[in-house]
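Colleague: have a look; sequence and predicted model below, questions after that.
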Amino acid sequence: GAGVSQSPRYKVAKRGQDVALRCDPISGHVSLFWYQQALGQGPEFLTYFQNEAQLDKSGLPSDRFFAERPEGSVSTLKIQRTQQEDSAVYLCASSSGTETQYFGPGTRLLVL
Amino acid sequence: DQQVKQNSPSLSVQEGRISILNCDYTNSMFDYFLWYKKYPAEGPTFLISISSIKDKNEDGRFTVFLNKSAKHLSLHIVPSQPGDSAVYFCAASANGAGSYQLTFGKGTKLSVIP
């Protein structure tokens, strides 16, 4: 079956631009997570949704980061006024419950 | 402070031999542990998991061992194959505490030599 998909796969932004990253979870998966992975590091948690409710946003690094999942399926991670330190791979994962998370291919963001 | 540690950045193993990847954790609230495999330019792929109520879980060539008293887990791959060459991440969550986010180690790069 179809896995988690993310778009775009690559994004280059000029410093100060706003970007929007999309995640399509596995159909029927209730839980959706966003992670940020810097080069040479493991993924780090950003935020978690259960259906359309954002239950945990403790990992969002600043108020420039915003995530939504209005209909409980597709999710968008928005970064306003991008900075160079935002350059990373952004990973989306979904889960049917609370255990195994399945990851998408990620969006590689480069801020110049 | 890192709550999940993979102290070996890299490991080389001959094809056909056993690969052992290690992971240590500090948070006693962690009760669910997973191993993911990652190829370049791809997302992490789920390999195997273990709940804290068990000390071993096996799936084909992959076995995960959990030692709760030592806060240590390991992934055994037997026999190792060249296609196993990838970065392996250990991850943990505290589901019982209502915290479902995964905390990852920094990964171990496994090279299986033909």
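Modeller: Cool, got the structure. As the structure is a computational prediction, the values presented were derived from the model and not from experiment.

Colleague: residues touching the residue of chain A found nearest chain B, list them.
Modeller: Using C-beta to the nearest C-beta, the closest approach of chain A to chain B is made by A:G42 at 3.1 Å. Glycine gets a C-beta too; all of them are placed from N, C-alpha and C. By C-beta atoms under 8 Å, 6 or more residues apart in numbering or on different chains, the contact list for A:G42 reads B:4, B:89, B:91, B:104-107.

Colleague: leaving out chain neighbours, which residue sits closest to it?
Modeller: B:F104 (3.1 Å; C-beta to C-beta, 6 or more residues apart in numbering or on different chains).

Colleague: and chain A, which residues reach chain B?
Modeller: Contacts of chain A with chain B, taken as C-beta under 8 Å from any C-beta of the partner chain, map to A:4, A:6, A:31, A:33, A:35, A:40-45, A:48, A:56, A:59, A:91, A:93, A:95, A:98-106, A:108.

Colleague: for chain B, which residue gets nearest to chain A?
Modeller: For chain B, C-beta to the nearest C-beta, closest residue to chain A: B:F104, 3.1 Å.

Colleague: picking up where we left off before, in strands, which of the residues of chain A next to chain B fall?
Modeller: A:6, A:31, A:33, A:35, A:44-45, A:48, A:56, A:91, A:93, A:95, A:102-103, A:108 (DSSP state E).

Colleague: tell me which helix or strand of chain B sits lowest on mean pLDDT?
Modeller: Ranked by mean pLDDT, DSSP states H and E, the weakest helix or strand in chain B is strand B:99-104, scoring a mean of 92.
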